[in-house]
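> Turn this into a structure:
(one chain, ligands or ions: 1)
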Amino acid sequence: MIGAGVVGLAIARALALRGREVVILEKNPMIGNETSSRNNEVVHAGFLYPPDSLRGTLCRPGAEMLRDYCRERGIGLAVHGKLTLALTEDEDGLLETMMAFGEDNGVQGLQLLSAEGVKEREPEITCRMALYSPNTAVVHSHDYMLSLQGDAENAGAVLSLNSTVVGGQGKVLTVEDENGEPFELAWDTLINASGLGARDIANYHSSERDIPPPDIRYAKGSYFTLTGKLPFSYIVVPLGETLAAGGSFTIDPGGQGKFGPDLEWVTEHDYTVDPTKASSFVAAVGKYWNGLDVDRLQPGYAGIRPRAYGPEDPGGDWLIETEVEHGVSGLVNLLGIETPGLTASMAIGDYVAGQLIH
Ligand SMILES: Cc1cc2nc3c(=O)[nH]c(=O)nc-3n(C[C@H](O)[C@H](O)[C@H](O)COP(=O)(O)OP(=O)(O)OC[C@H]3O[C@@H](n4cnc5c(N)ncnc54)[C@H](O)[C@@H]3O)c2cc1C
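Numbering: from 1, shown residues only. Below is the predicted model:
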């Protein structure tokens, strides 16, 4: 297993609990230090993706597993509910499509609200209509990952930190330890859950593959934290350009409000937040709430979404490639595992284990 982000840990846990010997190689000195700690921590309900996609199939079951698991283990989880807002006529239709996806994906409790219905819940929000999701939550993602790690280790998995995979050929990986000393590791089954590094690792086997590894693009998302009182008690998400400009509102597990992420296609993995973006965030939020003062925004953090599609495409799905797709026996590549990877992590764990253990 390569990668101790939330997805790698969930897969390691699923395999270890099924009796497989698992070694997790992680380049950083700690778990979950990349995309898994640079996201919204939202437990999505499962209405955003079509039912014939991996994201659509695994999000709702993953959310239910995650919510039950967190309640059982006492991991911080706050169910705020979410209002997805339509601000233009086109977006009314998008909400209806999401409602249909949600019904097909088995999401409970979704409700379309009129503009007045939204005002009854959030008097300061102006929109055309909204999709209300009662079960959308936020989770303390680091505590969740520590618990997954604990389960995996208790079931016999070994976590090797400071271990960077730098190459591979056939069924042998080249790994460097924290001193840059290389060593080799033979594998029987290799799960590449290395997030932003997954395309490079897939490439190590390109000469053995039937088809070349797919291209992966990168979409950065920056956040601004909100000082002072929370304006809303729900997670509030606009659509389209307003969403891409940072107009989304979330309450983090500690109770602080934040806006973002926005969307910026990048080629470098640079997590700097440009403070001058604050005014465009205010303009985006102003499309549905005119109470935000720029002085209340502080640059927060940024994350980078690996995507198996680009800005020219209407959207896309995760790619979980097995021998069937690429022809290399024992290799599973997880590519483009963007949102809702945190939400669906346990369902992804079961899915990958199901591909390997029959
Ligand atoms: C801005 C943003 C907001 C998001 N919001 C949400 C949300 O609200 N809800 C939700 O469900 N999802 C959300 N997501 C998606 C979610 O964060 C990811 O799907 C999830 O964290 C992916 O986990 P991962 O384990 O695949 O990747 P990572 O967390 O990136 O883990 C990969 C690990 O592999 C390691 N690695 C990489 N290369 C090597 C190597 N060569 N050798 C050894 N180790 C290596 C890395 O160090 C890393 O620890 C968001 C993502 C972003 C960017």
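> Only C-alpha atoms from now on, for both contacts and neighbour counts.
Noted.
> So which residues of the stretch 1-150 of the chain form helices?
Along the stretch 1-150 of the chain, the segments classed as helices by DSSP state H, counting those that start in this stretch run 6-17, 54-73, 89-104, 115-121, 141-154.
> The following helix or strand past the last one near the ligand anywhere?
Scanning the chain past helix 141-154 towards its C-terminal end, the next helix or strand to appear is strand 158-160 (assignment: DSSP states H and E). No. On the criterion CA under 6 Å from any ligand atom, strand 158-160 is out of touch with the ligand, staying 9.3 Å away.
> List the strands paired with strand 158-160, with their directions.
According to DSSP bridges, strand 158-160 has the following sheet partners: strand 23-25 (parallel).
> what sits up against the strand it pairs with?
Contacts to strand 23-25, defined as CA atoms under 8 Å, 6 or more residues apart in numbering, come from residues 1-4, 8, 12, 157-165.
> Quick check: mean pLDDT of that strand?
Here the mean pLDDT over strand 23-25 is 98, rounded to a whole number.
> Settle this for me: Ser233 is touching His80, isn't it.
Yes. In this structure, Ser233 sits in contact with His80. The criterion is CA atoms under 8 Å, and the distance is 6.7 Å.
> Please identify which of those two sits among more neighbours.
With neighbours defined as other CA atoms under 10 Å, Ser233 and His80 compare such that His80 has more, 20 against 14.
> Give me the distance between the more buried one and Ile235.
Taking CA to CA, to the nearest Å as the measure, His80 and Ile235 are separated by 7 Å.
> go on, Lys258?
Note on Lys258: its distance to Ile235, by CA to CA, is 10 Å.
> can you check Thr227 too?
Taking CA to CA as the criterion, Thr227 is separated from Ile235 by 16 Å.
> Run a quick neighbour tally on His269.
12.
> ok, now Lys220?
If you count neighbours by other CA under 10 Å, Lys220 ends up with 21.
> Now it. Nearest residue, chain neighbours left out?
Leaving aside its chain neighbours, Lys220 sits nearest to Ile304 (4.2 Å; criterion: CA to CA, 6 or more residues apart in numbering).
> The helix or strand containing the one you found - contacts with which helices or strands?
Following DSSP H and E, the helix or strand that holds Ile304 is strand 297-307. Using 3 or more CA pairs under 8 Å, 6 or more residues apart in numbering; DSSP states H and E as the contact criterion, the secondary-structure elements in contact with strand 297-307 are strand 217-226, helix 278-285.
> Among the ones you listed, which comes closest to Asp350?
Of all the helices and strands packed on strand 297-307, it is strand 217-226 that lies closest to Asp350, at 26.4 Å by CA to CA.
> looking only at pLDDT, what's the mean for that closest one?
Taken as a whole, strand 217-226 carries a mean pLDDT of 98.
> what lines up beside it in the sheet?
Here strand 217-226 is paired, per DSSP bridges, with strand 257-259 (antiparallel), strand 264-266 (antiparallel), strand 297-307 (antiparallel).
> among those, which is nearest the ligand?
Closest approach to the ligand among the strands paired with strand 217-226 (CA to the nearest ligand atom): strand 297-307, 4.0 Å.
> Tell me which residues are up against that closest one.
Contacts to strand 297-307, defined as CA under 8 Å, 6+ apart, come from residues 34-35, 38-39, 195-196, 216-227, 261, 269, 271-275, 278, 316, 318, 335-339.
> so that strand versus helix 278-285, what angle?
Counting by axes from the mean of the first three to the mean of the last three CA atoms, to 10 degrees, strand 297-307 points 80 degrees away from the direction of helix 278-285.
> hmm, strand 297-307 in reach of the ligand?
Yes. Strand 297-307 lies within reach of the ligand by CA under 6 Å from any ligand atom, at 303-305.
> Let me have that strand in PDB, keeping just the CA atoms, if that works.
Output of strand 297-307 as PDB, limited to C-alpha atoms (Å, rounded to 0.1, in the frame of the first residue of the first chain):
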ATOM      1  CA  LEU A 297     -11.700  37.200   6.200                       C
ATOM      2  CA  GLN A 298      -8.300  35.800   7.000                       C
ATOM      3  CA  PRO A 299      -6.300  33.700   4.600                       C
ATOM      4  CA  GLY A 300      -6.700  30.100   5.700                       C
ATOM      5  CA  TYR A 301      -5.200  27.100   3.900                       C
ATOM      6  CA  ALA A 302      -5.300  25.500   0.500                       C
ATOM      7  CA  GLY A 303      -5.700  22.000  -0.800                       C
ATOM      8  CA  ILE A 304      -5.200  20.500  -4.300                       C
ATOM      9  CA  ARG A 305      -7.700  18.200  -6.000                       C
ATOM     10  CA  PRO A 306      -6.200  15.500  -8.300                       C
ATOM     11  CA  ARG A 307      -8.700  15.200 -11.200                       C
END
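> Could you tell me how far it lies from the centre of the chain?
A distance of 12 Å separates the centroid of the chain from that of strand 297-307, by CA atoms, centre = their mean, to the nearest Å.
> and if you look at stretch 187-200?
Computed by CA atoms, centre = their mean, the separation of stretch 187-200 from the middle of its chain amounts to 17 Å.
> Tell me the buried residues in that stretch?
Going by neighbour count (16 or more other CA atoms under 10 Å), the buried part of stretch 187-200 is 190-200.
> Out of those, which two are the most distant from each other?
Among the buried residues of stretch 187-200, the pair separated by the greatest distance (CA to CA) is Leu190 and Leu196, which sit 17.0 Å apart.
> could you dump the residues of strand 297-307 next to the ligand to a markdown table with pLDDT, neighbour count and distance to Arg209?
A markdown table is the format used below for the residues of strand 297-307 next to the ligand (pLDDT from 0 to 100; neighbours: other CA atoms under 10 Å; distance: CA to CA, whole Å):
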| residue | pLDDT | neighbour count | distance to Arg209 |
| --- | --- | --- | --- |
| Gly303 | 98 | 23 | 31 |
| Ile304 | 98 | 27 | 27 |
| Arg305 | 98 | 24 | 25 |
